[in-house]
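Q: Generate coordinates for the sequence data below:
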Amino acid sequence: REKQFSGWIKTKSCQKPVDKYIEYDPVIILINAVLCKAQAYRHILFNTKINIHGKLCIFCLLCEAYIRWLQLQDSSQNTDPDDLIRYAKEWDFYRMFGIASLEQTSFFLGIFITLWWMTPEMLKRKSDFILLLKALLLSTYGKLLLIPAVIWEHDYTPLCLAFIKVFVLISNSQAIRVTLNLNRILPWFAIFFGLILENGVVCLFQKMGWDIFKEKSEHLQIVY
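A: Predicted coordinates for the structure are as follows:
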């Protein structure tokens, strides 16, 4: 991308912008990315050949589905080892994965709609959409912290989950800002609209009887 990004240094020979993170150790780059530094995000998105977007997305969704499934199982006091019970619990996990996937899709869709409406010149080509999608997928890596937060369960687990959610949203904001070279306000506006659309999907699930915080799913109710 032939864009002038602030924070890039220039070579002495040609005076053209160059990514300073090219000479940095990968650990330093990772630390700077965790700190949500824009320059580190630019290096990862534009000057590295990372092709784990799809796998990372699936793994993050599995983590989120596991957390929701665990909350659903914690609300159940039934320890019957019957095969039908185990099958119902397994189906619950698949259901949580499907719901998490639809919510993530709605969140991204809300972001794309907002950005396309407010900055159509930034998303003229299909490659622009693909690049932004990859950036958003990579920036959801914070969801991997969901599993340790539950494994090391303590009284502050709900607070940890809230912090992880905020961290993921901050990462999403930086990814949008770096990819489209925007100011700080517009990415947050897009994220806000994405959250509204995501919550709308959650409300729809609840009306359809798919509330993830209900005590039992339909399968377990049938067994009882």
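
Q: quick one: the helices in this protein?
A: With DSSP state H as the criterion, the chain has helices at 26-34, 38-46, 53-74, 83-118, 126-138, 146-151, 157-180, 185-207, 218-223.

Q: mean pLDDT for these: which is lowest?
A: Comparing mean pLDDT across the helices of the chain, the lowest value falls on helix 218-223: a mean of 39.

Q: circling back: just say which of the helices of the chain is most tucked in.
A: helix 38-46 (a mean of 20; mean count of other CB atoms under 10 Å). (C-beta placed from N, C-alpha, C; glycine too.)

Q: So what touches that one?
A: 1, 5, 7-8, 19-22, 24, 29, 32-33, 50, 131, 134-135, 138-139, 174-175, 177-179 (CB atoms under 8 Å, 6 or more residues apart in numbering).

Q: Report the central residue of the protein.
A: Thr140 (3.1 Å; CA atoms, centre = their mean).

Q: Confirm for me that it is in contact with Cys60.
A: Yes - counting by CB atoms under 8 Å, Thr140 does reach Cys60; the two are 5.2 Å apart.

Q: what sits against Glu198?
A: Glu198 neighbours (CB under 8 Å, 6+ apart): 103-104, 106-107, 110.

Q: Pro148: which of the residues you listed is nearest?
A: Gln104 (20.5 Å; CB to CB).

Q: The closest one and Phe129, how far apart?
A: 16 Å (CB to CB, to the nearest Å).

Q: for Thr48, same thing?
A: Thr48 sits 20 Å away from Phe129, going by CB to CB.

Q: now swap in Val34 and tell me
A: Val34 is 27 Å from Phe129, by CB to CB.

Q: rewinding a little: please convert the contacts of Glu198 to TSV, extending it with distance to Ile67.
A: Conversion of the contacts of Glu198 to TSV gives the following (distance: CB to CB, whole Å):
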residue	distance to Ile67
Glu103	13
Gln104	14
Ser106	18
Phe107	17
Gly110	22
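
Q: Please tell me how far the closest residue in space to Tyr141 that isn't next to it in sequence sits from Asp25.
A: Excluding its sequence neighbours, the residue lying closest to Tyr141 (CB to CB, 6 or more residues apart in numbering) is Leu56, at 6.3 Å. Computed as CB to CB, the Leu56 to Asp25 distance reads 22 Å.
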